[in-house]
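> Give the three-dimensional model of this entry:
(4 chains)
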2 protein chains.
Amino acid sequence: MVGRPKSFDETEALRAAMLVFWRRGYEAASCDELLAAMGINCGSMYSTFGDKRALFEKAFDLYHREVFSKMAGIIEGEKSPLENIRNLVKCWEKGMTESACRGCLVSHTLIEFGDSDDPIARRAKTLLEQVRLAIEKQLRAAKRAGELGDAVAPKDLASMLVNTAQGMTVMARAGADKSTFRGIIRSTLAML
Amino acid sequence: MVGRPKSFDETEALRAAMLVFWRRGYEAASCDELLAAMGINCGSMYSTFGDKRALFEKAFDLYHREVFSKMAGIIEGEKSPLENIRNLVKCWEKGMTESACRGCLVSHTLIEFGDSDDPIARRAKTLLEQVRLAIEKQLRAAKRAGELGDAVAPKDLASMLVNTAQGMTVMARAGADKSTFRGIIRSTLAML
DNA sequence: TCCATTTTTGAACACGCATTCCAGAATATC
DNA sequence: GATATTCTGGAATGCGTGTTCAAAAATGGA
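Residues are numbered from 1 along each chain as shown, chains lettered A, B, ... in the order given. Here you go, the predicted structure:
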């Protein structure tokens, strides 16, 4: 390989872009803002990632790998089924009270692209459904193990938990403070 | 007053615009789409409402009056405090399963304007906080009346209920079906 | 040192979309 | 019927923002 070497790390730039999309959503993230965060200029971005949309999809991939894989690991954790779900909820609390990027990129994507038949919307929907299914599976196991009352419907509860996570994205935009999130989490844990 | 009379009903046009904003959000609602729904053209719109932003604020007002006032009425209903809150949750279910415009205009507004110090964002935040407070008030009354267990924290539960409503806006964009919403509602009602 | 190759830089471009503008149309008053 | 006034239609405008492009810069190999 000959020629001028890249002056930036591709993955680091992508991560910086992901953080901007995470905070701002797709539309609101202007190229200027993205490029400033990535520390490169448009030429480099376009030759490396394609265009804004392609960059977003790669950022979405990264989010998928880093954030959702971590979540899947917690759901399929080593403790008892119910304890794993409780840990998931606690992990959400952490994300909402400690991280600078609060909320969820997937929620943003759904709000922005949800009513179109855009492929990225379908991906986001699938992702959500996978999480719901993983939670439901554990709740069923918890029920079998007697950790959960007979009256509880695993599917309903799983939908509700996913819904709670989505809600907190909006609440984060609403400027909800830490104590609000702690209250939401406390109430949620009270069901488990 | 002399001159050519308006060929459209102002309130009806505004309501049509509100429905578009409700479905699409502010940015995604193009002028073309708005004008088509309103049944007028840009000249009439600009002379009547100002510009797109002013139109949005008037639509937000209308939403505030029609949707949130109705909600406030349910919260301060005639039944017992807890029953009122249960009715509110059931009303949400109705909104998510029956209405063509699912989700909440306020949630959209928060997602789009939440991280700016835009006045419209502040209005949306205030609105949400008012609802939370109204719910909390009823939950306190319910607790005093012995309708609610001692372990329940009214503030936490109120935050959680508001959060649930916000979540369903995202879920609606995620194309969640009626049974999903019914499940969420069932799980929520199980706490009350 | 010179060439081939790839990346960087930032100004120029293109395009969509909100907005404006004005000629024409509809009404009330005189 | 003439005039003043207000509304309508749609083409034209302007602006913001994503995208392109060409020249300059940085490397390895001959």
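> Go through the lengthiest helix in chain A and flag the buried ones.
Secondary structure of chain A read by DSSP state H shows that its longest helix is helix A:119-144. Neighbour-count burial for helix A:119-144, counted by 16 or more other Cβ atoms under 10 Å in any protein chain shown, picks out A:120-121, A:123-125, A:127-128, A:131-132, A:134-136, A:138-139, A:141-143. For every residue, glycine as well, the C-beta is placed using N, CA and C.
> helices or strands up against that helix?
helix A:52-63, helix A:69-75, helix A:81-97, helix A:105-113, helix A:154-173 (3 or more Cβ pairs under 8 Å, 6 or more residues apart in numbering or on different chains; DSSP states H and E).
> Report the mean confidence score over the third one.
Taken as a whole, helix A:81-97 has a mean pLDDT of 97.
> Contacts for it next, please.
A:70-71, A:74-77, A:79, A:102-103, A:135, A:138-139, A:141-142, A:145, A:147-148, A:161, A:164-165, A:168, A:171-172, A:178, A:181-182, A:185, A:188-189, A:192 (Cβ atoms under 8 Å, 6 or more residues apart in numbering or on different chains).
> That one to helix A:119-144, inter-axis angle?
140 degrees (axes from the mean of the first three to the mean of the last three Cα atoms, to 10 degrees).
> Next, the angle from helix A:81-97 to helix A:154-173.
Using the same axes, to 10 degrees: helix A:81-97 against helix A:154-173 is 10 degrees.
> Please identify the buried residues of helix A:81-97?
Using 16+ other Cβ under 10 Å as the test for burial, helix A:81-97 gives A:81, A:82, A:84, A:85, A:86, A:88, A:89, A:92, A:93, A:95, A:96.
> can you check the first one too?
Counting neighbours by 16+ other Cβ under 10 Å, one finds that the buried residues in helix A:52-63 are A:52, A:55, A:56, A:58, A:59, A:60, A:62, A:63.
> residues contacting the fourth one?
With Cβ under 8 Å, 6+ apart as the criterion, the residues that contact residue A:58 are A:14, A:17, A:49.
> Ok, the fifth one next?
Counting by Cβ under 8 Å, 6+ apart, residue A:59 touches A:14, A:17, A:18, A:21, A:105.
> Could you tell me which ranges of chain A sit under the pLDDT cut-off?
Scanning chain A for pLDDT under 70 picks out A:1, A:101.
> Surely residue A:111 is in contact with residue A:26?
No: counting by Cβ atoms under 8 Å, residue A:111 does not reach residue A:26; the two are 9.9 Å apart.
> more neighbours, the two?
residue A:111 (29 against 19; other Cβ atoms under 10 Å in any protein chain shown).
> Leaving out sequence neighbours, find the closest residue to the more buried one.
Using Cβ to Cβ, 6 or more residues apart in numbering or on different chains and skipping residues adjacent in sequence, the residue nearest residue A:111 is residue B:111, 5.0 Å away.
> Taking the centroid of chain A, which residue is nearest it?
Closest to where the C-alpha atoms of chain A average out (Cα atoms, centre = their mean) is residue A:104, at 4.0 Å.
> which residues does it contact?
Taking Cβ under 8 Å, 6+ apart as the test, what residue A:104 contacts is A:67, A:165, A:166, A:168, A:169.
> Now with 6 Å, please.
Residue A:104 makes contacts with residue A:169, as judged by Cβ atoms under 6 Å, 6 or more residues apart in numbering or on different chains.
> Among the helices and strands packed on helix A:119-144, which comes closest to DNA strand D?
With Cβ to the nearest atom of the strand as the criterion, DNA strand D lies closest to helix A:52-63 of these, at 3.4 Å.
> Next, the angle helix A:105-113 makes with the closest one.
Interaxial angle, helix A:52-63 versus helix A:105-113 (the same axes, to 10 degrees): 150 degrees.
> Helix A:52-63 near DNA strand D anywhere?
Yes: with Cβ under 7 Å from any atom of the strand as the measure, helix A:52-63 is seen reaching DNA strand D through A:52, A:53.
> repeat for stretch A:19-34
Yes: using Cβ under 7 Å from any atom of the strand, stretch A:19-34 reaches DNA strand D at A:29, A:30, A:31, A:32.
> Quick one, which of those are buried?
residue A:29.
> So which of the residues of stretch A:19-34 next to DNA strand D is the closest to residue A:116?
Set against residue A:116, the nearest of these by Cβ to Cβ is residue A:29 (18.0 Å).
> so that closest one touches residue A:19, yeah?
No: in this structure residue A:29 lies outside contact range of residue A:19 using Cβ atoms under 6 Å: 9.9 Å.
> Point out the residues in chain A that sit beside DNA strand D.
By Cβ under 7 Å from any atom of the strand, the residues of chain A that approach DNA strand D are A:1-5, A:29-32, A:42-43, A:46, A:51-53.
> same thing but at 6 Å, please
Those residues of chain A that sit near DNA strand D, judged by Cβ under 6 Å from any atom of the strand, are A:2, A:3, A:4, A:5, A:30, A:31, A:42, A:43, A:46, A:51, A:52, A:53.
> Show me the two of those residues that sit farthest apart.
Taking Cβ to Cβ, no two of those sit farther apart than A:2 and A:30, at 34.9 Å.
> Chain B contacts on chain A?
Within chain A, the positions near chain B by Cβ under 6 Å from any Cβ of the partner chain are A:27, A:107, A:110-111, A:114, A:125, A:128, A:155-157, A:159-160, A:163-164, A:166-167, A:170-171, A:173-175, A:180, A:183-184, A:186-187.
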